[in-house]
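> Build me a structure from this.
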Amino acid sequence: MALVKIGDFYPDYRDHSSDIDDIKNYDVYAEGNEKVGTIYDILMDEQTGKFRYFVVDTGFWIFGKKVLLPVGRADIHYSDKRVSAKGLTKQQVENLPNYDELEKIDYDYEEQVRGIYRASSATPGTIQETAPAYDRATYNYEQEPSLYDIPEGDGQSLKLYEERLVANKKRQKTGEVSIGKHVETETARVAVPIEKERVVIERTSPTGATSQSAPSDAFREGQVAHMDIYEETADIHKEAVLREEVRVKKVVDRDTVEAKEEVRREELDIDSQGRPIVDK
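Just a heads-up that it's a prediction; the model follows:
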């Protein structure tokens with residue numbers, strides 16, 4: 001139940017309702033016909049557009065203090081340009097919390113204000129056995145019509161409505177991107193040089209040999225010369241190596257969508273007969 005000032009909720013109200021603009025300058029009188037200040041501003045329900053509080057500037061009466069007056073406790077006398085605050089006394093004004101900033105008004109603040117006005121509505125000399133219980137989560141202004149229903153006073157009211165363009169946005173899915181991978185096969189070729197050993201037997205005839213007695217190892221069977229033969233073979237196998245890394249992310253592109261639509265607004269039609277005096 002957020003509250004807003006009338007100028008924020010209805011910026012051009014001065015062009016279409018001079019009565020509301022005049023009310024902001026009406027004098028406020030408490031019990032005993034004692035002037036206690038003037039209407040400084042009007043607070044409205046942001047959801048319903050209904051008046052909820054008059055902001056009363058007490059001026060020098062209580063050192064410039066501003067307090068909230070529920071609209072149900074205000075009798076508006078358009079002909080006299082004054083507001084009678086039912087049940088409002090100087091003691092109550094001193095007990096009411098000071099109105100400084102709209103942002104400070106929450107449920108607890110309003111409960112302080114309502115508590116003081118509820119007490120003033122009790123019949124003098126009687127004690128209320130049980131106080132009405134209000135829940136923070138479910139409370140609404142319609143539960144207390146004595147505080148928030150506007151009395152007719154000495155006039156009648158006609159509500160004028162107008163249409164407004166309300167811009168909202170919703171998030172919807174427009175597409176989907178799936179990124180995967182598959183395997184492609186190709187033939188790769190590689191050349192590896194290898195070495196092979198082989199035995200080469202060479203026979204030579206000695207030169208300048210002279211006759212001599214046979215050596216001791218001559219004419220012996222079983223003598224063998226050993227030589228190991230090696231060769232290289234190609235060791236070719238496949239290994240998986242990281243070739244590339246792909247990162248997937250989203251970025252947001254912003255755009256402004258403009259719309260134009262015809263809106264309606266109610267205006268007064270005055271049909272008078274004879275010679276009445278009509279103050280517009």
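> Quick check: Arg118 is in a helix.
Yes - when DSSP: H, G, I helix; E, B strand; the rest coil is applied, Arg118 is found to be in a helix.
> Give me the neighbour count for it.
Arg118 is flanked by 17 other residues according to other C-beta atoms under 10 Å. All C-beta atoms are positioned from the backbone trio N, CA, C, and that covers glycine.
> Which pLDDT does the model give it?
At Arg118, the model reports a pLDDT of 85.
> before we move on, what about Ile201?
The confidence metric pLDDT takes the value 87 at Ile201.
> Look up how far Glu231 lies from it.
Ile201 sits 18 Å away from Glu231, going by C-beta to C-beta, to the nearest Å.
> So between those two, which is more surrounded?
Set Ile201 next to Glu231 and count neighbours by other C-beta under 10 Å: Glu231 wins out with 9 against 5.
> OK, contacts around the more buried one?
Residues in contact with Glu231 (C-beta atoms under 8 Å, 6 or more residues apart in numbering) are 194-197.
> 6 Å - rerun?
Taking C-beta atoms under 6 Å, 6 or more residues apart in numbering as the criterion, Glu231 is in contact with 196-197.
> Please report phi then psi for it.
Reported as degrees, to the nearest 10, the phi and psi values for Glu231 are phi -150, psi 150.
> Also Val251?
Backbone geometry at Val251, expressed as degrees, to the nearest 10, gives phi -120, psi 150.
> part of a helix, is Leu68?
No - counting by three-state DSSP, Leu68 is located in no helix; its state is strand.
> Who is Tyr29 paired with across the strands?
Listed beta-bridge partners, Tyr29: Lys35, Ser84 (assigned using DSSP bridges).
> what about it, how many residues close to it?
A count of nearby residues for Tyr29, using other C-beta under 10 Å, gives 19.
> now do Leu69
Under the criterion other C-beta under 10 Å, the count of neighbours that Leu69 has is 27.
> which one is it nearest to, not counting chain neighbours?
In this structure, Leu69 finds its nearest non-sequential neighbour in Phe54, 4.5 Å apart by C-beta to C-beta, 6 or more residues apart in numbering.
> Do I have it right that that neighbour meets Asp41?
No - Phe54 lies out of contact with Asp41 (C-beta atoms under 6 Å); the separation is 7.8 Å.
> Which residues outside the one helix or strand Ile42 maps to are in contact with it?
Counting by DSSP states H and E, the element that carries Ile42 is strand 34-45. Outside strand 34-45, the residues within contact range by C-beta under 6 Å, 6+ apart are 3-6, 9, 23-24, 26-30, 51-59, 61.
> which residues of the stretch 1-150 of the chain fall in strands?
Secondary structure of the stretch 1-150 of the chain (DSSP state E, counting those that start in this stretch): strands located at 3-5, 27-30, 34-45, 51-57, 66-70, 74-77, 82-85.
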